[in-house]
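Q: The following comprises the amino acid sequence and a computationally predicted model.
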Amino acid sequence: MSTIYLCEASRLKKYSAAVKGSQAVVTIEISVSDHGSLGFLLEELSKIEKAQKACGLTPPKPTKP
């Protein structure tokens with residue numbers, strides 16, 4: 001399981017979810033006021049993506065109904 005840490009310079013702006021069949025996509029918008037914090041957040045997201053790819057945890061492709 002991965003965790004995304006939001007420091008004091010980061011604020012959750014909005015979030016939403018779209019559900020199609022048995023799959024859901026969650027969109028999260030974060031506002032960051034400090035360049036260093038932005039770099040840290042992007043690096044953490046990159047690490048999560050690499051770890052998921054290494055484990056074969058790529059998102060499944062949607063199936064046609």
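A: The structure has been received and is ready for your questions.

Q: contacting residues for the residue nearest to residue 14 when sequence neighbours are not counted?
A: Counting by Cβ to Cβ, 6 or more residues apart in numbering, residue 14 lies nearest to residue 29, which is 4.9 Å off, once chain neighbours are set aside. Just so you know, the C-beta spots here come from the backbone N, C-alpha and C atoms, and that holds for glycine as well. Residue 29 makes contact with 12-15, according to Cβ atoms under 8 Å, 6 or more residues apart in numbering.

Q: Out of those, which sit inside strands?
A: Mapping the contacts of residue 29 onto strands (DSSP state E) picks out 12-15.

Q: just to revisit the earlier point, and which of the contacts of residue 29 is nearest residue 55?
A: residue 15 (25.0 Å; Cβ to Cβ).

Q: How many neighbouring residues does that closest one have?
A: 10 (other Cβ atoms under 10 Å).

Q: Pretty sure it sits against residue 4.
A: No: between residue 15 and residue 4 there is no contact under Cβ atoms under 8 Å: 11.8 Å.

Q: Let me know the secondary structure of residue 4.
A: Assigned state for residue 4: coil (three-state reduction, DSSP: H, G, I helix; E, B strand; the rest coil).
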